[in-house]
Structure formats: C-alpha cells, structure tokens
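A.B. asks: got a predicted model here, sequence first, then my questions.
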Amino acid sequence: MDDTKTMQASDHAHYLHPFTDHKALGERGVRVMVRGEGIYLWDSEGKKILDGMSGLWCVNLGYGRHSISKAVFEQMETLPFYNSFFNTTNVPAVKLAEKLARIAPPGFEHVFFTGSGSEANDTNVRMVRRYWDLKGQPQRHTIISRFNAYHGSTMAGASLGGMEGMHAQGGLPIPGIVHIRQPNYLEAGRGMSEDEFGIEAASWLEEKILDVGPEKVAAFIGEPIQGAGGVVIPPSTYWPEIQRICDKYGILIIADEVITGFGRTGQMFASELFGIKPDLITFAKGVTSGYIPLGGVLVGERVAEVLIGQGGEFAHGFTYSGHPVACAAALESIRILEEEKIVQRVREDTGPYLAQRFATLSDHPLVGYANSCGFVAGLNLVRRKGPTIHGHEYFDPKLEVGMVCRGYMFNNGMIMRAVGDRMIIAPPLIMTRGQIDEMVALIRRCLDDTYADLKQRGWM
Ligand SMILES: *Cc1c(COP(=O)(O)O)cnc(C)c1O
C-alpha cells in the first residue's frame, strides 16, 4: 500500500534526507511527491502545487517532457553505460561535448564530465592545482571563495562554499581554501550607492590576495548570482572589478554556473550577462533539466592549452564521467531550450515581466526589498519598513519568520524557499505570463496569511 501514512513511516524508518534534521522530520511527517506536469507537482494527498523552485533550481523545462524520457529510454536500450577511461568514448558524450563548446562563451572548446555540481567543483580544485603545477608554479595553491557561497557538499565543494553550518561539521574547510565577504548590498552597503558598493566588495578580493601573497593564489571561485545563499544579486560594478583584479595578478576565475547556466538569467551563461571572462565554468542542474544527474566543467583555452598541450595524465575522473544516458538527456534538454527559444523568451519577454510583477510585492507591509534577475528572485520579510532599504527593522532570527511564511506557501499550493527571512524563487523557465500572474497572486496570498499570523502572535 502506497498510502501517505505508510510512505511516511517507511521514509522515517530508512531514508536519511540531505540537509535534514531526521528526528524533527519524523515528528512532522514528510510530504510525498508523486507526479509532475509542466510547472506543477502533485503530492500523495492529491494536492496540486506550483513549483516556484524548479525542483531544486534544475527542472528548467518543467515536468513531463516526454522527449527527454524517450531519449533516455532509447539510449538505455542501445548502450546504457560504458566508461571513457580506457581509450574509449561514446556517441552522446562526444555530441554533448561538441554542443556545449558551441553554446558556451567564446574560448571554451573542452569539457570534463562529472555526475554532479559538487564533483565538478572538486574537479576544479584539482584542475587549477594541476594547471599551476604544469606551469611550474606549484606554490599557487590557494583558492579564494566567499562566505555564504554554495559550491556543493563534497569535502572540496563544502570547503569552497562559505556556509558556516557546513564548515562546523567535519573539520572544514580543507587547507588551501580561504573566504572573503559576499557582495550583499542589503547587508553591507549602507551609506553607499549600489555601484560604489560593488567596487568596495570587489576590493575585499584584492585585500585577500595581498594577504595570502599573490604568488600563492591559484584561483577565485564565485557564483555569478549566489543561489542557495539567498539569491544575492551583485551590483553591476562587482564582476568587472573582480575580473580586473584577477587579471592584474594572473589568477584564474571559476564561475560556478550550476544554477545560472542554461538560461536562468536570460543568457545561456550568466558570465555573459555580468561581464565575467572565466577560465573554468561549473555546470550541472539545468543541463539535463534535472531529469538525470549530470555535471561538469567547461575548460577555457588558457587552462586547456596547458593541461592538454604539455601532455601527461590528469589523474582524475569518475566512473560516470560522460555517462551516455545522462548525456542523451542533456542533448535533448538543450535541443528543447533552443527549439523553443526559451533563453531568448526569458531575456526579452517573461524575465522582464516577472521582474515587473515581482516588484509589485514591495507594497506589502511585510516586504522590505524585492529584486530579481531573469528567473531568480527574492524578497526580504521585515518587521517594520524604514525610509530606505538600509533602514528596515528585521525580525529576531530566532523567530524563524521565513519558515512561518514557507509553511503558508506549502498550504496554499506554492513552493517558495526560505533562506533566513528572505523568500526566494527560481521558477521553471517555461512559465508563461499567465502563470507568472498566478504565481505572484499566490505569493501575495501567502504574505497576507503570514502577516495575519504574525500580528496575532504579537510579533509585529
Ligand atoms: C547545487 C549547486 C552545487 C552542487 O551541485 P550538486 O549537484 O548538488 O552536487 C554547486 N554549485 C552551485 C552554485 C549549486 O547551486
């Protein structure tokens, strides 16, 4: 019997979830998702839910794409697996590598495949160190990242990330990884214009480079827009200044585009939007629209020339690097992205429309700051609004007001994620204008419910 209660009991008895307090989840009872179609999900109780998070930033093309399942099925029937270790390759992996080189920013002709974004960032750590070894500068070992960044959950991924809660468990970060502050205007930009703050935040990188010693720094890694950290959209001055500083010291740039890649910002890659000329690009999630796990690193010519040109084995790889079934899913996902002109639509039509509709939420008494970029957006819940965005009064974090709001989202059939008291969305890129209206109306209803609840509790 697959009824909800049985599933919940079995889930609690055997299934340890990612980033979850298992004990608390057992008491609460897990939600069982059973079906998806387009931008909607259904749970085991038959409740229909609008998926404002594209699964987990990945189901960009929506659920129920028959042509992806067909491509996967056919590849499974033809050749479900073969490795790429022993002087062998497979057709989908070759085709996908070529396709990625074609849609990547100029100067990216090579790709290294992994099974996930975390593995791709582990690959980055090893690849940049290999690069500097081959260049005869093995002392260039340190990678600079940012606090509140998310780069995955493996040892290197979590170390590159800047999540305090993750570093507190398991002796992280590993040696050779250091962090600077994030370009969060709301948090640290008081008294400055956004543009001034962007330059200021980038200067923290130069300070750190000088602190570590420029001859010891291998690379800087950053998400063009921080996703899991709460949709932190940097000022437009930030990335060009980061680029200038990295160029000045000859430091490699890794753009972690696991969320921003494949159209989320209205460009195929957000590096193009922000004026970043990365040497390596991390991808995963949207590459297969989440239908099958796949990740990888796009390798720019500066690194490829040395890695390939100097010869010798790069002693790194995964059983599932270039998995034919995953590559087949990616090929079909990219084909859909192009055929339906989805990236263009996000850039020219639905992205600007979402920005405009989402901004209307700013008039709600709970909303202190709402912003977006393409198909990612976030809003901050505030106790009392101030005259400027730096004058708001916030709730005590211990009250977990974001979680209260998230509860109303679920109840009203809407998935929106809470990062502290910032509520964020990253909806499927296929959303129509009508569906954007529907989503924004749902969010407003949830904000009203939250507001009434907080009033009743005497929290505002
Ligand atoms: C999700 C994510 C990762 C990790 O990807 P996994 O497939 O979960 O390992 C890395 N970087 C960013 C920016 C992400 O959002």
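C.D. replies: Sure, I can see it.

A.B. asks: the residue in the chain that the ligand sits nearest to: neighbour count?
C.D. replies: Across the chain, no residue is closer to the ligand than G117, which sits at 2.3 Å (Cβ to the nearest ligand atom). For glycine as for every other residue, the C-beta is placed from the backbone atoms N, C-alpha and C. Here the count is done by other Cβ atoms under 10 Å, and G117 has 30 residues near it.

A.B. asks: for it, give me its contacts.
C.D. replies: Contact analysis of G117 by Cβ atoms under 8 Å, 6 or more residues apart in numbering lists 151-152, 157, 256, 258, 282-285, 295.

A.B. asks: in a markdown table: the residues you listed, plus neighbour count.
C.D. replies: Below are the contacts of G117 laid out as a markdown table (neighbours: other Cβ atoms under 10 Å):
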| residue | neighbour count |
| --- | --- |
| H151 | 31 |
| G152 | 25 |
| G157 | 24 |
| D256 | 31 |
| V258 | 28 |
| T282 | 30 |
| F283 | 28 |
| A284 | 29 |
| K285 | 28 |
| G295 | 27 |
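
A.B. asks: quick one, what contacts the residue nearest to the spatial centre of the chain?
C.D. replies: The centroid of the chain falls nearest to I259 when counting by Cα atoms, centre = their mean (3.0 Å). Neighbouring residues of I259 by Cβ under 8 Å, 6+ apart: 57, 223, 225, 227, 285-286, 376, 426.

A.B. asks: let's see which of these end up in strands.
C.D. replies: Using DSSP state E, the members of the contacts of I259 that fall in strands are V376.

A.B. asks: check the contacts of I259 against the ligand, which are close?
C.D. replies: 57, 223, 227 (Cβ under 6 Å from any ligand atom).

A.B. asks: narrow the residues you listed to just the buried residues.
C.D. replies: 57, 223, 227 (16 or more other Cβ atoms under 10 Å).

A.B. asks: nearest spatial neighbour of the second one, skipping sequence neighbours?
C.D. replies: Closest residue to E223 in three dimensions, ignoring its sequence neighbours and counting by Cβ to Cβ, 6 or more residues apart in numbering: D256, at 4.7 Å.

A.B. asks: near the ligand, which residues of the protein?
C.D. replies: 57, 116-118, 121, 150-152, 223, 227-228, 256, 258-259, 284, 295.

A.B. asks: at 5 Å instead, please
C.D. replies: 116-118, 151-152, 223, 227, 256, 258-259, 284 (Cβ under 5 Å from any ligand atom).

A.B. asks: reformat the residues you listed as a markdown table; add secondary structure and distance to M7.
C.D. replies: Putting the residues of the chain next to the ligand into a markdown table (DSSP: H, G, I helix; E, B strand; the rest coil; distance: Cβ to Cβ, whole Å) gives the following:
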| residue | secondary structure | distance to M7 |
| --- | --- | --- |
| S116 | coil | 26 |
| G117 | helix | 28 |
| S118 | helix | 28 |
| H151 | coil | 33 |
| G152 | coil | 29 |
| E223 | coil | 35 |
| G227 | coil | 29 |
| D256 | strand | 35 |
| V258 | coil | 30 |
| I259 | coil | 30 |
| A284 | coil | 28 |
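
A.B. asks: so which of these comes closest to G317?
C.D. replies: Distance to G317, by Cβ to Cβ, is smallest for S116 among the residues of the chain next to the ligand, at 13.9 Å.

A.B. asks: next, count neighbours for the closest one.
C.D. replies: Using other Cβ under 10 Å: S116 sits among 21 other residues.

A.B. asks: my guess is it contacts T282. True?
C.D. replies: No - look at S116 against T282 with Cβ atoms under 8 Å: they stay out of range, at 10.3 Å.

A.B. asks: gap between stretch 187-197 and the chain center?
C.D. replies: 24 Å (Cα atoms, centre = their mean, to the nearest Å).

A.B. asks: show me the contact partners of that stretch.
C.D. replies: Stretch 187-197 has contacts (Cβ under 8 Å, 6+ apart) with 181, 183, 185, 200-201, 235-237, 390.

A.B. asks: just the buried positions in it, please.
C.D. replies: Buried residues in stretch 187-197, counted by 16+ other Cβ under 10 Å: 189, 192, 194, 197.

A.B. asks: how near is the last one to E187?
C.D. replies: By that I understand F197. Distance from F197 to E187, counting by Cβ to Cβ, to the nearest Å: 10 Å.

A.B. asks: next: the third one.
C.D. replies: E194 sits 13 Å away from E187 when distances are taken as Cβ to Cβ.

A.B. asks: same check, this time on E332
C.D. replies: 41 Å.

A.B. asks: same check on I425?
C.D. replies: 20 Å.

A.B. asks: same check on D448?
C.D. replies: 27 Å.

A.B. asks: packing partners of the helix of greatest length in the chain?
C.D. replies: The residue-count maximum for a helix in the chain (DSSP state H) belongs to helix 433-457. Helix 433-457 sits against strand 48-51, helix 351-359, helix 401-411, strand 414-415, strand 422-425, with contacts defined as 3 or more Cβ pairs under 8 Å, 6 or more residues apart in numbering; DSSP states H and E.

A.B. asks: if you compare these, which one is most tucked away?
C.D. replies: The highest mean neighbour count among the helices and strands packed on helix 433-457, using mean count of other Cβ atoms under 10 Å, belongs to strand 422-425: a mean of 24.

A.B. asks: what packs against that one?
C.D. replies: strand 376-381, helix 401-411, strand 417-419, helix 433-457.

A.B. asks: name every strand pairing with that strand and say which way it goes.
C.D. replies: strand 376-381 (antiparallel), strand 417-419 (antiparallel) (DSSP bridges).
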